[in-house]
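Engineer: Following is a predicted model, sequence given first.
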Amino acid sequence: MSAPPLLRIEFPARAESLAEVRAAVQRALATQHIDARIAARIVLAIDEACANIIRHAYRGCGDGRIALRIERHRERLRFRLRDRAPAVDPGCVKPRDLSECRPGGLGINIIDETMDHWRLRPLKRHCGNVLTMVRRLHARKA
Amino acid sequence: MDKGSELRRDGDWAVLRIWGEVDLSWSQDVRRQVLEAYAKVKSLAVQLDGVSYIDSSGIAALVEGFQHARSKGGRFALLAPSEAVRAVLELARLDRVFPIFTDLAAARAA
C-alpha cells in the first residue's frame, strides 16, 4: 500500500501559477524537516519542470492544466508531474553543455543536478506526458 | 509577493535594481528592462540583493544582458547577488562567467 501523498495539486499551466506552486511545495517539504538548502533546490527543480511544461509542452497557450503529486517512500521523495499537452519526445529533453554561455536551456540541467533520477514518458493512450523525478534525502547531491 | 524594479543613472553607468521573485511570469519583463537600459548607457549593473528567488528564465535575462554588453563593447555587472541568486549562478556555473561585485564602486574600479 502506498503512503498518502505529501501534496496533490492541480493548477493552470500558466506562469502566474508558479509562485503558488512553489509555496505549496515548500510547505509540503517543511513537514518532512528537510534541510533548507536541499528544499530550496527541490522547489527550484519543480518550478523548472513546470516552466518547461508551460513553455514547451503547452507552448504557452495557457489553456492546459498540470497535476503535481509528491510522495515520500522511506528516504526517497518522488515527484510526479502530469500534463495533457501533445506528446513530447523524451529524446529531445536533455541537459545542455554548461560550458556554453548562452541564455535558456538550463532547466533540465537544474533538474538533472537536483534529482537522483528522472524520466519523461509520453502517454500512449491519452494525450499528455508524465515526468517522474526521484530525490534521495541523504544523497550526495546538495 | 512584493516584486519590482527601478532604474537609476550613476554617471556613465545605469543600475537596475530588481527585487522579489524572478520567475517565468516576470523574467521577460526583466529581460526587456535590461536590454532597454543599453539604449541609454554602455555600462549596466543589475543589483540583486533583494531577489529572494530566481529561476533559469531570470538567469537567461541576465545572460542576454551580459552577451549584449560583450557584443557592443559595453560593460555588464551583477551587484550583491543574494544567496538565492548565488546558488543558481553556481548551479549553472555562471558564477565564474559574470562579473560580480559588492557595489557599483567596485564594478567601476575593476
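Structural biologist: All right, it came through fine. Numbers count the residues shown, from 1 in each chain, chains lettered A, B, ... in the order given.
Engineer: And the nearest residue to B:Gly20 once chain neighbours are set aside, how far from B:Gly58?
Structural biologist: Leaving aside its sequence neighbours, B:Gly20 sits nearest to B:Lys3 (Cβ to Cβ, 6 or more residues apart in numbering or on different chains; 2.4 Å). Where C-beta positions appear, they are placed from N, C-alpha and C, glycine not excepted. Distance, B:Lys3 to B:Gly58, using Cβ to Cβ, to the nearest Å: 11 Å.
Engineer: likewise B:Gly74?
Structural biologist: For B:Gly74, the distance to B:Gly58 - Cβ to Cβ - is 21 Å.
Engineer: now do A:Pro12
Structural biologist: The spacing between A:Pro12 and B:Gly58, counted by Cβ to Cβ, is 21 Å.
Engineer: quick one: which of these two has more around it?
Structural biologist: Taking other Cβ atoms under 10 Å in any protein chain shown, A:Pro12 and B:Gly58 do not tie; B:Gly58 has more neighbours (24 against 14).
Engineer: give me the element the more buried one is part of.
Structural biologist: B:Gly58 belongs to helix B:56-72 when assigned by DSSP states H and E.
Engineer: now that helix, how far from the centre of its chain.
Structural biologist: Distance, stretch centre to chain centre, for helix B:56-72: 8 Å (Cα atoms, centre = their mean, to the nearest Å).
Engineer: can you tell me the average pLDDT over that helix?
Structural biologist: For helix B:56-72, the mean pLDDT works out to 95.
Engineer: Pull out the buried residues from it.
Structural biologist: Buried residues in helix B:56-72, counted by 16 or more other Cβ atoms under 10 Å in any protein chain shown: B:56-66, B:68-69.
Engineer: by how many degrees do the strand or helix carrying B:Asp29 and helix B:56-72 diverge?
Structural biologist: If you go by DSSP H and E, B:Asp29 is part of helix B:27-37. Here helix B:27-37 points in a direction 20 degrees away from that of helix B:56-72 (axes from the mean of the first three to the mean of the last three Cα atoms, to 10 degrees).
Engineer: And the contacts of helix B:27-37?
Structural biologist: The contact list for helix B:27-37 (Cβ atoms under 8 Å, 6 or more residues apart in numbering or on different chains) reads B:5, B:7, B:14, B:16, B:18, B:22, B:44, B:46, B:55, B:57-58, B:60-62, B:64-65, B:68.
Engineer: Ok, stretch B:92-110 next?
Structural biologist: A:98-99, A:101, A:106, A:109-110, B:10-11, B:13, B:15, B:45, B:56, B:59, B:62-63, B:66, B:75-81, B:86, B:89.
Engineer: Please report the distance of A:Asp83 from chain B.
Structural biologist: According to Cβ to the nearest Cβ, to the nearest Å, A:Asp83 and chain B sit 15 Å apart.
Engineer: Then A:Ala57?
Structural biologist: Using Cβ to the nearest Cβ, A:Ala57 is found at 14 Å from chain B.
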